[in-house]
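Asker: got a predicted structure here, sequence first:
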Amino acid sequence: MVLNPVISKLSGKLVVLASSSPRRLEILTNVGLRFEVVPSWFKETLNKSLFKEPHQYAVETARQKALEVARRMPFKHLKTPDIVIGADTIVTIDGLILEKPRDKQDAYRMLSRLSGKEHSVCTGVAIVLCNQQENEETEYQTIDFYEETRVKFADLSETMLWDYIDSGEPMDKAGGYGIQALGGMLVEYIHGDFLNVVGFPLNRFCKQLDLLFNPELASNEVVHTDVRCNGSTTDHIENPSSTSSLSKGQENMSAAGSAVPPVTSRGPMNLVIEKVHTDDLKRIIELMDGFKASKALFTASKMRVFDLLQKRPGLEGAEVARGLQASLKGTLCLLEACVSLGLLERKQGGVYENSRLSQRFLVSDSPSSLLGYMAHSDETVWKLFSHLETSVREGTNLQAKSSTKILYTPQTCISPCSRKLRFMKAMHGIAEVAGPAVITAFDLSRFKTACDLGGCTGSMAHGLAKAYPRMSVTVYDLPSVVELSGTFCPPGLDNRVSFVAGDFFKDRLPKADLYILARILHDWTDDKVHALLSKISDACCGLLVSEIFLDRDRTGPSQGLLQALGLGPGKQRSAGEYGALLESHGFTVSHIAHTDSLLDALLCIKD
Ligand SMILES: C[S@@+](CC[C@H](N)C(=O)[O-])C[C@H]1O[C@@H](n2cnc3c(N)ncnc32)[C@H](O)[C@@H]1O
C-alpha cells in the first residue's frame, strides 16, 4: 500500500538513489518507492569554510552526488535515469560540521563533543530531474532542500563512549552515531523529524515531490528551489552562498568562490578521470598555496584592512587603498585574494565588507581577536619555518640554530620588550579564544585555589575566576612577563586573581588546590616535565593539563603535528602519553576532553 499518491506517480520512471546508505535505502523502500541504487563517486571534499551556513554545505554535497550519478549513468549504465536522488547528512555543533569519523579517535573526539549538549542534524537533499532533449543532450533540473532536527545527548562517561565506539557502529555515520540502533541509547530527546536523523527526511521529501508533480500546490513557502541546466558544453556550479537560479550555458564562475571545479560533459571516461584528478589536484594545490594564503592573511591583518572595513564598511577598493595609504593596484589584488579566502565579502556595487570570520578574529577590538597571534606567526613562526629543511636534515630543533625563538625561557626572555609583548599578545589571543572551552570542560567548583603555571597574561586565570566565583587564582610566570601582564588585565580587575613572579624550575611554587598547565608541557623534554611534575605534585591535589593532544597513532590532528615541527626541545604528545607522565607522579587521570577549540584538556587528581 502506498499512502502518498506522489510515490505512485513515480512508478514507471527510472528513479535512482545516488547513495549506498542502507538506512536511506530502507526508508525509501519501506514507503513503496521503486528505485535503483547507484552510489555516487562524488567525494565529500567541498571546502566547508566557503559556505555561510552548514546546511548549504549539505545541500551542495547532495546536489553534487546526484548530478555525478545523473551524468555518469548514460555512459556507464547506458541508460538515462528520470530522477536521481542525492542526500548528505551532517551533524553540527557550535558551528562545526561533523561528518563520518575517520577512525576511532576521531569518533571519540566527535562523541565527547556531543556529550551532554544539543546539536543539529541536517540532511541536504537534491532531486535531479533528467530531461532528454531532441538533440540528444540531457537537461538537468535540480530541486534541493534541507531538513534540520535538534538532538540532545545525555552526559556520556568515558566507559560508555569507548563501549559505543568499540561496537563499531559510529564509523560510517555522520557525527559518529546512529540513532536507530545502539546510538539511540545516547539520546535524551529530539526536536523534529526522526528519520532526518536516521539519514533521510521522508516527510519533507514527499511534500517536495507533491509540489513537483502538483505545481498548483506550490506556494512561496517552497524551500530553495533552483534550476540547473547543462545544455551547453560546460556546467555551471554556483557560489554556494548564493541562492540565485542559473541560466542555460552560464559562464563558469568557480574561481569566485565555488567549492567545486567545473565538470565538463565531454565523454564518459574523460568525465570520470577528470573528476578524480580535479579532486586530488585541488587538494595538492591548496596545500602548495597554503603559504600564499597565510601571507595574504598576515599582510591584510598587519595593514589593518579589517579594522578599516570594520569602522567604515562598504568602501570601494580605491577608498581602501587611500585609507591604507597603499597602491591601488596592490590593494585591489589583496582585497580580491581576501574575498576568495572568505575573509572579505564584495557586495553590490563592488564595495567591500568584512566577512563573519574577519569580524570575529581579525578586528583589533573583537574579544576573540587573533591579530596578536597573526603578528607572532608572521614575524616569528614564519621565519623559523624557513629553516625547516636544515632542522629535518640535521635532527636539530628549529629554534636551536635560529636567533628567532618561540619558546620563552628565563634565558630568551631578555629579548626586546616589543618582541616579548608580541609573544604575550599571541598567547593572550589564543587563551581568550580557546580558554573558555578548557575552563568549562570539567566542573572545577570543588577547587578553591588555583595556580596557573606559566599563566602569561592571566587570560585563563580571569576566565577561571569568572566561571568559579569562589575560586582565587595565582598566575605564576617569569618576572619579565609578570612585569608586562598589567597591559592585559581586563577592566574591573578581579582581586581574586594575583600574579607571582618566578622560575618554575628553580623557585618554590605556591600551594594551590588545583594547578593549571596550559601549553607548557609540550615545550619541554620528558626529563624537564618529570622535574616540574614532581614539584607540582607536592603543591596541589588536582592538575589540569591543556594541550593539543595527538591521536593515539600520531596521525593527527595536523595542527598538533605541524606545531611539533617548530618546537624547541619539547615534543607533542597524546593524551595517553601525558597520562603516563602524570601517573608516574601519583596523579590519576579522571577526565579527558577534546574541545575542538584549539586546545584539549585533561584533569587528573592526586591519589
Ligand atoms: C606557551 S606559553 C603559554 C601561556 C599560557 N599558559 C597560555 O596557555 O596561554 C608558556 C608560558 O610559560 C612561561 N614560562 C616559560 N618558562 C618558564 C619558567 N621557567 N618559569 C615560569 N614561567 C615560564 C612563559 O613566559 C610563557 O608565558
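Answerer: Sure thing, it's come through.

Asker: what does this structure have sitting close to the ligand?
Answerer: Within the chain, the residues that sit near the ligand (CB under 6 Å from any ligand atom) are 408-410, 427, 430-431, 454-456, 477-478, 481, 503-505, 518-520. Where you see a C-beta, it was placed from the backbone N, CA and C, and this is true even at glycine.

Asker: mind giving me the PyMOL command for buried ones among the residues you listed?
Answerer: Buried subset of the residues of the chain next to the ligand, written as a PyMOL selection, criterion 16 or more other CB atoms under 10 Å:
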select buried, resi 408+427+430+431+454+455+456+477+478+481+504+518+519+520
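
Asker: and residue 120, its phi and psi?
Answerer: In terms of degrees, to the nearest 10, the main-chain angles of residue 120 are phi -110, psi 140.

Asker: correct me, but it touches residue 94?
Answerer: No - counting by CB atoms under 8 Å, residue 120 stays clear of residue 94, with 10.1 Å between them.

Asker: neighbour count: those two, which is higher?
Answerer: residue 120 (19 against 11; other CB atoms under 10 Å).

Asker: for the more buried one, which non-adjacent residue is spatially closest?
Answerer: In space, and not counting its chain neighbours, residue 120 is closest to residue 92: 4.7 Å by CB to CB, 6 or more residues apart in numbering.

Asker: what bridges to the one you found?
Answerer: residue 97, residue 120 (DSSP bridges).

Asker: ok, it touching residue 123?
Answerer: No - between residue 92 and residue 123 there is no contact under CB under 8 Å: 11.7 Å.

Asker: just want to know which of the two has more residues nearby.
Answerer: residue 123 (29 against 20).

Asker: hang on, the earlier thing: let me see the contact set for the residue nearest to residue 120.
Answerer: Residue 92 sits next to 54, 98, 119, 120, 122 when contact means CB atoms under 8 Å, 6 or more residues apart in numbering.

Asker: next one: residue 363
Answerer: Applying CB under 8 Å, 6+ apart, we find residue 363 in contact with 306, 307, 310, 354, 369, 371.

Asker: what residues does the helix or strand that contains the first one touch?
Answerer: Read that as residue 306. Taking DSSP states H and E as the criterion, residue 306 maps to helix 305-311. With CB under 8 Å, 6+ apart as the test, helix 305-311 has contacts from 300, 315, 320, 323-324, 334-335, 338, 343-344, 352-354, 358-359, 362-364.

Asker: which positions in the next helix or strand after it come out as buried?
Answerer: Downstream of helix 305-311, the first helix or strand assigned by DSSP H and E is helix 317-324. Using 16+ other CB under 10 Å as the test for burial, helix 317-324 gives 317, 319, 320, 321, 323, 324.

Asker: list buried residues within the contacts of helix 305-311.
Answerer: Buried among the contacts of helix 305-311 (16+ other CB under 10 Å): 300, 315, 320, 323-324, 334-335, 338, 343-344, 352-354, 358-359, 362-363.

Asker: return the subset of the residues you listed lying in helices.
Answerer: Among these, the residues falling in helices (DSSP state H) are 300, 320, 323, 324, 334, 335, 338, 358, 359.

Asker: any idea of the pLDDT on the residue of the chain found nearest the ligand?
Answerer: Nearest to the ligand in the chain, going by CB to the nearest ligand atom, is residue 454, at a distance of 2.7 Å. According to the prediction, residue 454 has pLDDT 97.

Asker: wait, what's in contact with the residue lying closest to it once chain neighbours are set aside?
Answerer: On the basis of CB to CB, 6+ apart, the spatially nearest residue to residue 454 that is not a chain neighbour turns out to be residue 520, at 4.5 Å. Residues near residue 520 by CB under 8 Å, 6+ apart: 453, 454, 532.

Asker: backbone dihedrals for residue 520, please?
Answerer: phi -110, psi -50.

Asker: just residue 481 next, same as before
Answerer: Dihedral angles for residue 481 - degrees, to the nearest 10 - are phi -80, psi -50.

Asker: check it and give its pLDDT.
Answerer: Note for residue 481: predicted pLDDT of 94.

Asker: that one reaches residue 417, doesn't it?
Answerer: No - applying CB under 8 Å, one finds residue 481 not in contact with residue 417, separated by 11.1 Å.

Asker: which pLDDT does the model give the residue nearest the centre of the chain?
Answerer: The centre of the chain sits closest to residue 96, judged by CA atoms, centre = their mean, with a distance of 5.2 Å. Model confidence at residue 96, given as pLDDT, is 86.

Asker: pLDDT weak spots in the stretch 501-607 of the chain?
Answerer: For the stretch 501-607 of the chain, applying pLDDT under 70 flags the ranges 596.
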